[in-house]
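Asker: this one's structure only:
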């Protein structure tokens, strides 16, 4: 059984060696995330080369996601690396402090914090572990009462409960990193902390100006992003349900419902979606997941996510390969339980304005009502398999294309499997014979299997898919 749900693995010290990467790819990685919060431009260039070399050695196509750091809303460093704060303590966040912090105060990376808060504002630090209530603002100093204490160490993040920090989504560092993402030909570019569709449109302009073709992914992690969700999704090619910061800002109990809403909205708008953060967190140090983590991953699959993502588990964890194997196993099991029903014409709710989109829906409808083994989409841009991937009919979709960027792009599409294919034929009958041979050689179909194929009469041109055929393998002379 081919796995529909894709696996995204974050690269780091535990997964930088090519041999380890090859093991991870064989275990099931479809897309790698390069975290631009760490490393230099040259590090990213070298790592992208290593990923592509490892994928080639495995005979697989693996996509690359470049994840921008976004604004650093963090405390600076302490003289002794950390302090312990007790409930009721007074503590000062000081935007003008240049030296190291102590038991009374600490500096800030984010200098605008005093302008973004007032008496009564609730600040959450270190992923919500500590809670401060603002009791006063004096110039550059934010004076706080510690309501929930604990250990506060170097460079821990700050969130404002309910949102409201004005930091721009794209920093000067991000703008330089977009150029690096374009240089390494990243397939996806993730924008951290967008508040509106305009943040995504600005990122797209910068990407195009740098000569890049990355698809844009909005990381939904700010409270302000929730009311603007429709506009953000419209301005993006994909979204990430970034449950860490989002949970701190909107409250942990709100996140499961928001996750389901975001996945549903993204699919309805023909956008892709990754579900991320702490999916297999215990496997950073343990060789098996907890039962709760198994349920979390399975529920994301049942919600309809395109991909599930690993962060520290593969970046710095002790068991990167085992974690991917476990995640793949969970995804496959959840997909078996997700019983498909025949597609109803009403599943495609909107009217089509494009011929290729109507062909995609026709292929899904045919595949869900016949005993079809696969859908085969000859594609240049990847648009036809993208539309097909929005409605799951339980049939694998093989995207055949000669273009590297399209092969890499579809690695994130739910249920879509990239196959490099260079047509050598002069007509559709001859071309089907070549396709048939490719699928048989790869062991994806057998003689006698029925497949649905979509193709364009203007071969090699994007947006020209205008034909759907139902074919039987080994019977290529009939159509």
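Answerer: It's in. Since the model is a prediction, treat every value here as computed from it, not as a measurement.

Asker: C-alpha from now on. contacts and neighbour counts both.
Answerer: Will do.

Asker: just so I have it, where are all the strands in the stretch 51-200 of the chain?
Answerer: Secondary structure of the stretch 51-200 of the chain (DSSP state E, counting those that start in this stretch): strands located at 63-67, 82-85, 90-94, 105-107, 122-125, 130-138, 141-148, 150-153, 158-160, 188-191.

Asker: Switch those strands over to TSV; also include mean pLDDT and distance to residue 385.
Answerer: TSV is the format used below for those (pLDDT from 0 to 100; distance: least, Cα to Cα, whole Å):
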stretch	mean pLDDT	distance to residue 385
strand 63-67	98	16
strand 82-85	97	51
strand 90-94	97	50
strand 105-107	97	50
strand 122-125	96	42
strand 130-138	97	46
strand 141-148	98	49
strand 150-153	97	47
strand 158-160	95	39
strand 188-191	98	17
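
Asker: So which of those strands is nearest residue 212?
Answerer: strand 188-191 (9.8 Å; Cα to Cα).

Asker: which residues sit against that closest one?
Answerer: 64-70, 169-170, 178, 181, 200, 203, 214-219, 409 (Cα atoms under 8 Å, 6 or more residues apart in numbering).

Asker: now do stretch 10-17
Answerer: Under Cα under 8 Å, 6+ apart, the answer for stretch 10-17 is 21, 32-35, 47, 50, 309-318, 320.

Asker: ok, 10 Å please
Answerer: 9, 20-24, 29, 31-35, 38-39, 46-47, 50-51, 54, 65, 67, 309-321 (Cα atoms under 10 Å, 6 or more residues apart in numbering).

Asker: Same question for stretch 367-374.
Answerer: Outside stretch 367-374, the residues touching it (Cα under 10 Å, 6+ apart) are 340-344, 361-362, 366, 375, 392-398, 444-446, 448-453, 470-473.

Asker: what mean pLDDT does stretch 31-40 have?
Answerer: Mean pLDDT, computed over stretch 31-40, is 96.

Asker: Distance from that stretch to the middle of the chain?
Answerer: On the basis of Cα atoms, centre = their mean, to the nearest Å, stretch 31-40 sits 13 Å off its chain's mean C-alpha point.

Asker: So which bits of that stretch are buried?
Answerer: 31, 32, 33, 34, 35, 36 (16 or more other Cα atoms under 10 Å).

Asker: Just those residues: which are in strands?
Answerer: 31, 32, 33, 34, 35 (DSSP state E).

Asker: related to what we said a few turns ago, which of the contacts of stretch 10-17 count as buried?
Answerer: Using 16+ other Cα under 10 Å, the buried members of those are 9, 21-24, 29, 31-35, 47, 50-51, 54, 65, 67, 309-321.

Asker: circling back: need the strands of the stretch 51-200 of the chain in CSV (columns: distance to residue 465).
Answerer: As requested, those are arranged in CSV below (distance: least, Cα to Cα, whole Å):
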stretch, distance to residue 465
strand 63-67, 24
strand 82-85, 60
strand 90-94, 58
strand 105-107, 58
strand 122-125, 51
strand 130-138, 55
strand 141-148, 59
strand 150-153, 56
strand 158-160, 47
strand 188-191, 24
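
Asker: Name the secondary structure element that contains the residue sitting nearest the centre point of the chain.
Answerer: Within the chain, one residue has its C-alpha closest to the average C-alpha position: by Cα atoms, centre = their mean, that is residue 274, at 3.8 Å. Secondary structure assignment for residue 274, by DSSP states H and E: strand 272-276.

Asker: Helices along the stretch 351-479 of the chain, start to end?
Answerer: Using DSSP state H, counting those that start in this stretch, the helices of the stretch 351-479 of the chain run over 355-369, 383-389, 404-409, 428-441.

Asker: Could you say which of the ones you listed is packed most deeply?
Answerer: The highest mean neighbour count among the helices of the stretch 351-479 of the chain, using mean count of other Cα atoms under 10 Å, belongs to helix 383-389: a mean of 24.

Asker: on that earlier part again, which of the contacts of stretch 367-374 fall within strands?
Answerer: Per DSSP E, the subset of those in strands is 375, 397, 398, 450, 451, 452, 453, 470, 471, 472.

Asker: Give me the local confidence score for the third one.
Answerer: Note on residue 398: pLDDT of 96.

Asker: how many other residues sit next to it?
Answerer: 22 (other Cα atoms under 10 Å).

Asker: Then the last one?
Answerer: Applying other Cα under 10 Å, we find 20 other residues in the vicinity of residue 472.

Asker: How is this structure divided into domains?
Answerer: Under the assignment automatic domain parsing, the domains of the chain span 6-70+168-336, 82-160, 345-472.

Asker: right, and these - which one's nearest residue 76?
Answerer: Across the domains of the chain, closest to residue 76 is domain 82-160 (Cα to Cα), at 5.0 Å.

Asker: Could you tell me the end-to-end distance of that closest one?
Answerer: Counting by Cα to Cα, to the nearest Å, you get 21 Å between the two ends of domain 82-160.

Asker: Now the buried members of the contacts of stretch 367-374.
Answerer: Buried among the contacts of stretch 367-374 (16+ other Cα under 10 Å): 343, 361-362, 366, 375, 392-398, 445, 450-453, 470-473.

Asker: distance between stretch 271-291 and the chain's centre?
Answerer: 14 Å.

Asker: start to end distance for that stretch?
Answerer: 30 Å.

Asker: What of stretch 85-104?
Answerer: 9 Å.

Asker: is it true that residue 55 touches residue 28?
Answerer: No: judged on Cα atoms under 10 Å, residue 55 makes no contact with residue 28 at a distance of 11.2 Å.

Asker: Looking at the closest residue to residue 440 other than its chain neighbours now. What's its pLDDT?
Answerer: Using Cα to Cα, 6 or more residues apart in numbering and skipping the chain neighbours, the partner closest in space to residue 440 is residue 446 (6.3 Å). On pLDDT, residue 446 comes in at 91.
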